[in-house]
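1. Next come a sequence and a model predicted from it.
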Amino acid sequence: MRYILLIMLSLSLLTACTTVANTPTSIPTQPLLTCTPMLTSLPTPIPTPMPEWGVAFAVLNPEMVGEPIEGNRTLSLHLIRRDGSGLTPLTGGIEYVTDLTASPDGRYLLFSARREDTSGNHFADRGDLAHLYIVDVQSGEVFTLTSGIEYTEWQGGSWSPDGERIAFAAREANVRSDFEIEGFHYHLSIINRDGTDRRSLLEREGIIWNVAWSPAGEWILFEQNGAIWLIHPDGSGLVKLADTPIEYHWRPYTAQPAWSPDGRRIAFVAPGVGRENNADIFVVNADGSGLFNLTEHPAEDLQPTWSPDGQHIAFVTTRQGHWGIYAITVDGNDLTSIFYSPDIGAYLPTWSPDGSQIAFVVGNSGIWKEQLFIVDWPGSSPRQLSKEYIGDRPVWVLMPAR
């Protein structure tokens, strides 16, 4: 009997019971005991982490810091959060990384490097041909996009808006070493992200610079022979957008054309005002109309980059002496100083995808002593994001899941 009572007590803890009178029948019975299971609270759902944007950059081998820029340069790609925490190596050492570029979704990095032994000396160095590579930001796995001794791709490329194709400049090689190249036939090419279906859209003499796919995907922009050109991704419709007769001493700055986020305008560098016609930043409509000098200053203004909302352009300037970073409204009426130091230069500004911050490089590029800085936009003091010395431009990527 005691055992039966214990069982009933246990069941009472799991259910809530009520007594209900029986319906009349010919046989008298006891009242029925009706039990309803007790509701328990559901577990609190774990929120899905929001994608977190951080900065990818190429870190120099410590042995190179302070050395002249000539010679080999080994770099490894690193990630860091925008608050300066979570510095993480993404790859091992890679020879001669240049033109780091993030895919539109921030999940992949494209760059040019010399990882392949094309010269036959059993290791990769600056004498080998440069090719294109992609690294998965989540895993750090590096994929070869182009290879061989027929072409060399010494610059990075530009992603299509959907991230499925890449436009890039290539130079005919037909030799094993970059030092032995004598031909100067250049190609504007596209290739699928998986390395298939490589096609040449354009072949002619004259080095091709600064390939940039339009935000809507209908045009590919590039610089060649002192002008900015547009061409459709199928190779049709080649048109000259603007002349940019840049003096040789400006190299490697070039015209540095950059699409506005809506694809309606293009900012670029060309000879401007002042006694020496130093570089100014111009803006032109994508159909070639409406050309105007945005910065119009006798100092040198370079490296234009659009804010995500298309309302400002950040750029590098010498108007205070050393290279500093400013931002200007697209109508040219409002100028803001981002960073300036009388002792050291600043370069390569790049906006965060939400437009709330600008990452940039501060230091002496001639001896590989440049470091990563960041500033909130608008109106805050710049701060150093990383103590490591870097050798290429910073780019914004989606940080790996924690």
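-> Thanks, I have it.
2. Please pull up the helix or strand immediately following the strand or helix carrying residue 370.
-> Following DSSP states H and E, one finds residue 370 within strand 369-376. Next in sequence after strand 369-376, counting helices and strands by DSSP H and E, comes strand 383-389.
3. Just the terminal-to-terminal distance for stretch 189-197.
-> 10 Å (Cα to Cα, to the nearest Å).
4. and it, which residues are buried?
-> 189, 190, 191, 193 (16 or more other Cβ atoms under 10 Å). Where you see a C-beta, it was placed from the backbone N, CA and C, and this is true even at glycine.
5. Out of these, which sit inside strands?
-> 189, 190, 191 (DSSP state E).
6. Do I have it right that the first one meets residue 199?
-> Yes. Residue 189 is within contact range of residue 199, at 6.3 Å (criterion: Cβ atoms under 8 Å).
7. Tell me the spatial nearest neighbour of residue 302, not counting adjacent residues.
-> residue 316 (4.8 Å; Cβ to Cβ, 6 or more residues apart in numbering).
8. Give me the below-cutoff pLDDT ranges for the stretch 151-300 of the chain.
-> Along the stretch 151-300 of the chain, segments meeting pLDDT under 70 span 176-184, 246-253.
9. That one: strands as residue ranges?
-> 151-152, 158-159, 165-172, 185-192, 199-205, 208-213, 220-224, 227-231, 239-243, 258-259, 265-271, 279-285, 292-293 (DSSP state E, counting those that start in this stretch).
10. from the chain's centre, how far out does the last one sit?
-> The gap between the average C-alpha position of strand 292-293 and the chain average comes to 27 Å, counting by Cα atoms, centre = their mean, to the nearest Å.
11. What pairs with it, parallel or antiparallel?
-> The strands that strand 292-293 pairs with in its sheet are strand 279-285 (antiparallel) (by DSSP bridges).
12. and the angle from the strand it pairs with to strand 227-231?
-> Relative orientation of strand 279-285 versus strand 227-231 (axes from the mean of the first three to the mean of the last three Cα atoms, to 10 degrees): 30 degrees.
13. Tell me the buried residues in strand 279-285?
-> Quick answer for strand 279-285 (16+ other Cβ under 10 Å): 279, 280, 281, 282, 283, 284.
14. Can I get these in TSV including distance to residue 167?
-> Converted to TSV, the buried residues of strand 279-285 look like this (distance: Cβ to Cβ, whole Å):
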residue	distance to residue 167
279	25
280	27
281	23
282	23
283	22
284	20
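15. what's around the closest residue to residue 286 other than its chain neighbours, how many residues?
-> Closest residue in space to residue 286, ignoring its immediate chain neighbours: residue 264 at 5.8 Å, by Cβ to Cβ, 6+ apart. The number of residues packed near residue 264 is 15, by other Cβ atoms under 10 Å.
16. if I look at residue 264, how far off is residue 139?
-> Taking Cβ to Cβ, to the nearest Å as the measure, residue 264 falls 37 Å from residue 139.
17. so residue 56 sits right up against residue 75, yeah?
-> No. Residue 56 is beyond contact range of residue 75, at 11.7 Å (criterion: Cβ under 8 Å).
18. Name all residues that make contact with the residue most central in space within the chain.
-> Closest to where the C-alpha atoms of the chain average out (Cα atoms, centre = their mean) is residue 102, at 3.2 Å. By Cβ atoms under 8 Å, 6 or more residues apart in numbering, the residues touching residue 102 are 56, 108, 109, 110, 159, 395, 396, 397.
19. what about 7 Å?
-> Going by Cβ atoms under 7 Å, 6 or more residues apart in numbering, residue 102 touches 56, 109, 395, 396, 397.
20. now it, nearest residue through space, not along the chain?
-> residue 395 (4.4 Å).
21. List the residues that contact that neighbour.
-> So residue 395 contacts 56, 100, 101, 102, 109, 350 (Cβ under 7 Å, 6+ apart).
22. what about the helices in this protein?
-> Here the chain has its helices, by DSSP state H, at 2-14.
23. could you redo the contacts of residue 102 as JSON lines and give each row distance to residue 222 and pLDDT?
-> Converted to JSON lines, those look like this (distance: Cβ to Cβ, whole Å; pLDDT from 0 to 100):
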{"residue": "56", "distance to residue 222": "24", "pLDDT": "97"}
{"residue": "109", "distance to residue 222": "21", "pLDDT": "98"}
{"residue": "395", "distance to residue 222": "20", "pLDDT": "97"}
{"residue": "396", "distance to residue 222": "23", "pLDDT": "98"}
{"residue": "397", "distance to residue 222": "25", "pLDDT": "97"}
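24. Pipe these into JSON lines and attach distance to residue 358 per row.
-> Formatted as JSON lines, these follow (distance: Cβ to Cβ, whole Å):
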{"residue": "56", "distance to residue 358": "15"}
{"residue": "109", "distance to residue 358": "19"}
{"residue": "395", "distance to residue 358": "13"}
{"residue": "396", "distance to residue 358": "10"}
{"residue": "397", "distance to residue 358": "16"}
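25. Where strands are concerned, which of these count?
-> Using DSSP E, the contacts of residue 102 in strands are 56, 109, 395, 396, 397.
26. neighbours around the last one, how many?
-> Just to be clear, that refers to residue 397. Around residue 397 there are 27 residues (other Cβ under 10 Å).
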